[in-house]
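Visitor: Have a look; sequence and predicted model below, questions after that.
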Amino acid sequence: MKLATFNINGVNKRLSHLLAWLAAARPDVVCLQELKAEDAAFPAQAIRDAGYQAVWRGQRSWNGVAILSRAEPVLTRDRLPGDPADMQARYIEAAVQGVLVGCLYLPNGNPYPGPKFAYKLAWFDRLAAHAAELLGAGVPVALAGDYNVVPTEFDIYSSKSWKRNALLQPQSRAAYAALLGQGWTDSLRHLHPDAPVFTFWDYFRDHFARDAGMRLDHILLSPSLAPHLAEAGVDRDVRGREGASDHAPAWVRLDLPQAGPTRRGRSHRQPAENKPSG
């Protein structure tokens with residue numbers, strides 16, 4: 001199974017980029033973030049024509065997450081538990097060929113300090129609680145998405161101009177480290193321990209041309225799934241295309257036991273109340 005995560009930064013605006021990448025990279029499962037489209041505007045037919053079924057939770061102008069899969073994804077959850085009042089579309093979960101896939105878009109948290117940073121940390125706490133429950137179930141799980149955390153100084157070209165950014169704050173990094181401490185494997189860092197691996201390059205000041213990037217997009221694997229990790233990488237060239245997202249797809253290849261025939265079914269759409277993140 002080739003599993004990828006991609007902050008698309010507007011699924012309709014960058015649909016041609018997404019379809020071209022799907023055709024070239026041929027992932028089996030894709031977690032998308034920042035759809036920036038309400039449920040009815042999700043391009044389900046175009047994605048179906050590309051050979052993928054989908055579950056999604058959209059939100060007008062903000063947020064939005066989706067899981068695309070060549071096999072039928074079975075929706076298990078369309079929001080992160082722990083706060084019934086939180087209507088931001090930041091988490092969706094589905095079972096795909098024996099693997100439970102959680103797609104997440106963790107809050108950015110800027111400006112720091114402030115209420116948005118407090119929301120980021122509270123969301124992180126809820127994610128950790130849910131992740132612990134998933135580990136307790138003992139099933140193969142991948143938690144993939146834009147975590148909006150630069151885990152260490154090694155994961156950024158230079159932190160000099162980012163000292164006040166929520167992505168690099170000690171609390172953000174501690175929350176990510178605590179998540180790993182539950183037993184999750186950071187797949188990209190695990191297979192590339194000594195090399196800079198970036199997944200995001202800011203639009204400003206020629207960051208991509210200078211390779212002034214950072215690693216925000218992570219694929220965490222549960223203990224029962226991590227032994228199957230065979231490859232991991234970033235499709236950096238996707239970021240260099242005209243009008244591209246400021247993120248590039250990150251991916252892993254898992255050597256899993258051969259699954260049986262998959263069912264073909266219709267795509268699933270989950271309506272949700274839309275509430276901008278501000």
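Guide: Looks like it came in fine.
Visitor: Which residue ranges of the protein form strands?
Guide: Along the chain, counting by DSSP state E, strands occupy 2-7, 29-33, 53-57, 65-69, 74-77, 91-96, 99-105, 141-146, 185-186, 217-221, 229-234, 250-254.
Visitor: And the contacts of the shortest one?
Guide: Taking contacts as CB atoms under 8 Å, 6 or more residues apart in numbering, the residues outside strand 185-186 that touch it are Pro151, Leu180, His218, Ile219, Leu220, Leu221, Ser222, Pro223, Ala226, Leu229. Quick note: C-beta positions are derived from backbone N, CA and C, even for glycine.
Visitor: Buried ones among these?
Guide: Neighbour counting by 16 or more other CB atoms under 10 Å classes Pro151, His218, Ile219, Leu220, Leu221, Ser222, Ala226, Leu229 among the contacts of strand 185-186 as buried.
Visitor: now, which of those sits nearest Asp83?
Guide: Leu220 (21.4 Å; CB to CB).
Visitor: Which residues are in contact with the closest one?
Guide: Applying CB under 8 Å, 6+ apart to Leu220 gives the contacts Ala131, Ala142, Leu143, Ala144, Leu179, Leu180, Trp184, Thr185, Asp186, Ser187.
Visitor: Next: Asn110.
Guide: By CB under 8 Å, 6+ apart, the neighbours of Asn110 are Lys116, Phe117, Asn165, Ala166, Leu167.
Visitor: Export these as CSV, with columns for neighbour count.
Guide: Shown next, in CSV, are those (neighbours: other CB atoms under 10 Å):
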residue, neighbour count
Lys116, 16
Phe117, 19
Asn165, 19
Ala166, 22
Leu167, 23
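Visitor: Which members of those residues occur in helices, if any?
Guide: Among these, the ones falling in helices (DSSP state H) are Lys116, Phe117.
Visitor: what's the closest of the contacts of Asn110 to Asn7?
Guide: Closest approach to Asn7 among the contacts of Asn110 (CB to CB): Leu167, at 13.2 Å.
Visitor: Let me know how buried the closest residue to the closest one other than its chain neighbours is, in neighbour terms.
Guide: Spatial nearest neighbour of Leu167, excluding adjacent residues (CB to CB, 6 or more residues apart in numbering): Val150 at 5.1 Å. When neighbours are defined as other CB atoms under 10 Å, Val150 has 23 of them.
Visitor: pretty sure Val150 contacts Arg215?
Guide: Yes: Val150 is in contact with Arg215 according to CB atoms under 8 Å; the separation is 6.4 Å.
Visitor: got any residues that touch both of the two?
Guide: Taking CB under 8 Å, 6+ apart as the criterion, Val150 and Arg215 both touch Ile156.
Visitor: residues contacting Leu216?
Guide: Applying CB under 8 Å, 6+ apart to Leu216 gives the contacts Asn7, Asp146, Tyr147, Asn148, Val149, Val150, Leu167, Thr199, Phe200, His247.
Visitor: give me phi/psi at it?
Guide: phi -110, psi -20 (degrees, to the nearest 10).
Visitor: Tell me how far it lies from Ile156.
Guide: Going from Leu216 to Ile156 by CB to CB, to the nearest Å gives 9 Å.
Visitor: Please identify every residue contacting each of those two.
Guide: Taking CB under 8 Å, 6+ apart as the contact rule, Leu216 and Ile156 both touch Val150.
Visitor: Going along the chain, name the helices of the chain.
Guide: In the chain, the segments counted as helices under DSSP H are 15-25, 44-49, 115-137, 170-181, 187-191.
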